[in-house]
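Peer 1: Kindly generate the corresponding structure for this input.
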Amino acid sequence: MPEIEFSVSLTTRKPRDGEVNGKDYQFVSEDEFRRRCEGGELAEWSHHFGASYGTPRTPLDRAIGAGRDILLDIEIRGAQQIRTNYPDDSVAVFVLPPTVQDLEDRLRKRGAEDEQEIQRRLNRAREETEALPQYQYLIINDNVASSVERFRSIVNAERSRVARLQEGFAPWKS
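Peer 2: This next block holds a predicted model:
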């Protein structure tokens, strides 16, 4: 869906193989992250797995102001902050692999974490599923193509909500 802008998060972690600064993440120092957070430049932020992550407020506000959709790939604490700070402009979609074993297999295939880190991430994922009732939608990512189609359906449904139509919209009014 090329019309959806992807939000590029800040992070203090080191880039993984193949990640591009400014495309996958904005890689910043802990001091720079703290400065932006304290300066009110982040719409949401969290610290997990030894690094800080956050969403810059300006691109998000600019997209909302222009009536464009913007996709944030964030964890549950950040999603809660977005729902709190942008209650009328956010839709929360929880994405899960089909099973914990699938998640473990994906983490191992990625090859970016040692065994201890993999176990920490699996435990964290189990804990995060407790937040599922706070979300409007769930996508079980069993197949990329079908998951994208489910996401596309959610976007189309949300775009059709009467509450989201522009003020003064009256299709049959003369």
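Peer 1: Phi first, then psi, for Arg68.
Peer 2: Dihedral pair for Arg68: phi -100, psi 150, per degrees, to the nearest 10.
Peer 1: ugh, wrong one, I meant Glu75
Peer 2: When read as degrees, to the nearest 10, the backbone of Glu75 gives phi -90, psi 180.
Peer 1: hang on, it packs against His48?
Peer 2: Yes: at 6.4 Å, Glu75 and His48 qualify as touching, with contact defined as C-beta atoms under 8 Å. Where you see a C-beta, it was placed from the backbone N, CA and C, and this is true even at glycine.
Peer 1: Provide the secondary structure category for the residue most central in space within the chain.
Peer 2: Nearest to the mean C-alpha position of the chain, by C-alpha atoms, centre = their mean, lies Asp73 at 2.0 Å. Secondary structure for Asp73, judged by DSSP: H, G, I helix; E, B strand; the rest coil, is coil.
Peer 1: Kindly tell me how buried the residue lying closest to Val28 once chain neighbours are set aside is, as a neighbour count.
Peer 2: Among residues not flanking Val28 along the chain, Leu10 sits closest, at 5.4 Å (C-beta to C-beta, 6 or more residues apart in numbering). Counted with other C-beta atoms under 10 Å, residues neighbouring Leu10 total 20.
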